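Novice: Predicted model, plus sequence, below.
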Amino acid sequence: MSAETRAGVPLSSPDITEAEIAAVTAVLRTPHLSLGPELAAFEADLAAFHGVDHAVAVSSGTAGLHLALLTLGIGPGDEVILPSFTFIAVANTVAQVGATPVFADIDPVTLNLAPAAVERAVSPRTRAIMVVHTFGIPAAMGALLALARRCSLFVIEDACEAIGASYGDPPRPVGSFGDLAVFGFYPNKQMTTGEGGAVLTRNPAHAERLRTLRNQGRAAGAGWLDHVELGYNYRLSELACALGRVQLSRIDEILALRRAAAERYHNLLQNIPGLEVPPLTVPNGTISWFVYVVRLPEEADRDGIQTELSRHGIATGRYFPPIHRQPFWSTHPASQTADLPVTERVARRTLALPFFNRITSEQQVEVAEALRKALGR
């Protein structure tokens, strides 16, 4: 059994209250299980929370990234700049539309795309930058948006890990900067719909196209068996939307719980020699804590440490193995030409510790003590 699945202290855990259970149960007492009032209400709530005009709920964050690329007309012959230090879906969806991912290196502190590295990666074929707000830390949107404007590029925000984060002065929610922004609501995220995601935009034409694509190519007002283009079944159920509405209504409480947990870890771990903890604050932004990822000392045996922690029932994760080193992607031309020294150096050392809304102080002390012993500190 892997370190990620064997857990006395789990790596993550959804936070479901009686309010969510009641909301989902109420939907089951109605005739509307798909494309009903909960969907419309959830989308309206998401749009209002982020200060944008349109939110389109979909079946996953990955589905959202796929539809975002299609909506912007990105396809064969186009290049999309993105990080390798992130979840594999960003590169997979670029490949799925026939475009070419171009990996750019990351900032060593925030672990987000480094604007200078993105600028070096721009070519005449570049159409978009896919900006990931890694681990809930807002990316350098000012510099990246300026570069995009200068080079006439689209910006897709992958905010799947970052709901509630903000950037700028005055601060704006991440997901409100790009041409399109994608959120994910998998059970390990700050808030969950079970499976699900959403795409946000200010552009009404983009919103209409997104809704057509997610529903098998049915245009607004068209009959159920009338399809205007190639589409997908990327709908989000009424049950999921009801769950998401309650979770979103609790988002301030949820973010505060996670911020407090991050601060406790910081105090417990910051003095372990050679261990690098994530920053509690970043310039010009507010973190939404998705995971708590430390960097082990250079000489540490990460696999051995994971095994030792697993023996104590503590789950951990290698967040993230770089995409360009994944078996499928390692032979791809995009990986062969990637020059990513910061990504390579960081990824060898990262370890995600148990982190979720209701993690207790006692559990965190247990994790910290076990990690200290495993490191021989």
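Specialist: Done, it's in.
Novice: in the helix or strand of the chain with the lowest mean pLDDT, what counts as buried?
Specialist: Lowest by mean pLDDT, DSSP states H and E among the helices and strands of the chain is helix 333-336, with a mean of 94. Neighbour counts over helix 333-336 (16 or more other Cβ atoms under 10 Å) mark 334-335 as buried. C-beta here means a position set from N, CA and C on the backbone, and glycine is covered the same way.
Novice: And for stretch 263-280?
Specialist: Applying 16+ other Cβ under 10 Å to stretch 263-280 flags 264-265, 268-269, 272, 275-278 as buried.
Novice: Residues contacting the top helix by length along the chain, please?
Specialist: Counting residues, the longest helix in the chain under DSSP state H turns out to be helix 251-269. By Cβ atoms under 8 Å, 6 or more residues apart in numbering, the surrounding residues in contact with helix 251-269 are 15, 49, 163-164, 190-191, 247, 275, 277-278, 280, 287-289, 292, 294, 353, 355-359, 361, 364-365, 367-368, 371.
Novice: Let me know the pLDDT of the closest residue to Ser166 other than its chain neighbours.
Specialist: Excluding the flanking residues, the one nearest Ser166 by Cβ to Cβ, 6 or more residues apart in numbering is Thr286, at 4.5 Å. Looking at Thr286, its pLDDT stands at 98.
Novice: Only the buried subset of the contacts of helix 251-269, as a ChimeraX command please.
Specialist: The buried residues among the contacts of helix 251-269 can be selected in ChimeraX (16+ other Cβ under 10 Å) with this line:
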select :15,49,163,164,190,191,247,275,277,278,287,288,289,292,294,353,355,356,357,359,364,367,368,371
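Novice: quick one: which of the contacts of helix 251-269 sit in strands?
Specialist: 292, 294, 353 (DSSP state E).
Novice: For the first one, give its distance to Ala262.
Specialist: What that stands for is Tyr292. In this view, Tyr292 and Ala262 are 6 Å apart by Cβ to Cβ, to the nearest Å.
Novice: Need the overlap of contacts for these two.
Specialist: 278, 355.
Novice: Need the phi and psi values for Ser166.
Specialist: Note on Ser166: backbone dihedrals following degrees, to the nearest 10 are phi -140, psi 160.
Novice: Tell me how many other residues surround it.
Specialist: Ser166 sits with 18 neighbouring residues when counted by other Cβ atoms under 10 Å.
Novice: which residues of the stretch 51-200 of the chain fall in helices?
Specialist: Applying DSSP state H, counting those that start in this stretch to the stretch 51-200 of the chain gives helices spanning 61-71, 89-96, 115-121, 141-151.
Novice: what comes up buried for the shortest one?
Specialist: Yep, that's helix 115-121 we're talking about. For helix 115-121, by 16+ other Cβ under 10 Å, it's 115, 117-118, 121.
Novice: Give me the helices and strands touching that helix, please.
Specialist: strand 100-104, helix 141-151 (3 or more Cβ pairs under 8 Å, 6 or more residues apart in numbering; DSSP states H and E).
Novice: okay if I get the ones you listed as a markdown table plus distance to Glu195?
Specialist: Formatted as a markdown table, the entries for the helices and strands packed on helix 115-121 read as follows, by distance: least, Cβ to Cβ, whole Å:
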| stretch | distance to Glu195 |
| --- | --- |
| strand 100-104 | 24 |
| helix 141-151 | 28 |
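Novice: Please verify my assumption that Val122 contacts Cys151.
Specialist: Yes. The criterion here is Cβ atoms under 8 Å, and Val122 meets it with Cys151 at 5.4 Å.
Novice: Please report the number of neighbouring residues for the closest residue to Ala148 other than its chain neighbours.
Specialist: Of all residues not flanking Ala148 in the chain, Val155 sits nearest, at 4.9 Å (Cβ to Cβ, 6+ apart). When neighbours are defined as other Cβ under 10 Å, Val155 has 20 of them.
Novice: just Glu299 next, same as before
Specialist: Glu299 has 7 neighbours, counted by other Cβ under 10 Å.
Novice: Tell me the spatial nearest neighbour of it, not counting adjacent residues.
Specialist: According to Cβ to Cβ, 6+ apart, the nearest residue to Glu299 is Gly274 (7.9 Å).
Novice: doesn't Arg377 make contact with that neighbour?
Specialist: Yes. With contact defined as Cβ under 8 Å, Gly274 and Arg377 form a contacting pair (7.3 Å).
Novice: quick one on the thing from earlier: give me the local confidence score for the residue nearest to Glu299.
Specialist: Reported pLDDT for Gly274: 96.
Novice: which residues sit in contact with it?
Specialist: Gly274 neighbours (Cβ under 8 Å, 6+ apart): 296-300, 375, 377.
Novice: ditto for Gly75
Specialist: Gly75 neighbours (Cβ under 8 Å, 6+ apart): 97-99.
Novice: Now the buried members of the residues you listed.
Specialist: 97, 99.
Novice: Could you dump the contacts of Gly75 into a markdown table with pLDDT and distance to Arg345 added?
Specialist: Putting the contacts of Gly75 into a markdown table (pLDDT from 0 to 100; distance: Cβ to Cβ, whole Å) gives the following:
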| residue | pLDDT | distance to Arg345 |
| --- | --- | --- |
| Val97 | 98 | 31 |
| Gly98 | 98 | 32 |
| Ala99 | 98 | 28 |
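Novice: Specify which member of the contacts of Gly75 is nearest to Thr62.
Specialist: For the contacts of Gly75, the residue nearest Thr62 by Cβ to Cβ is Val97; the value is 12.5 Å.
Novice: Roughly how far does the closest one sit from Ser60?
Specialist: In terms of Cβ to Cβ, Val97 sits 16 Å off from Ser60.
Novice: Minimum distance to Ile305: which of the helices and strands packed on helix 115-121 has it?
Specialist: That would be strand 100-104 among these, by Cβ to Cβ, at 27.5 Å.
Novice: now for the closest one, which elements pack on it?
Specialist: strand 79-83, helix 89-96, helix 115-121, helix 333-336.
Novice: Least confident of these, on average?
Specialist: Minimum mean pLDDT among these: helix 333-336, a mean of 94.
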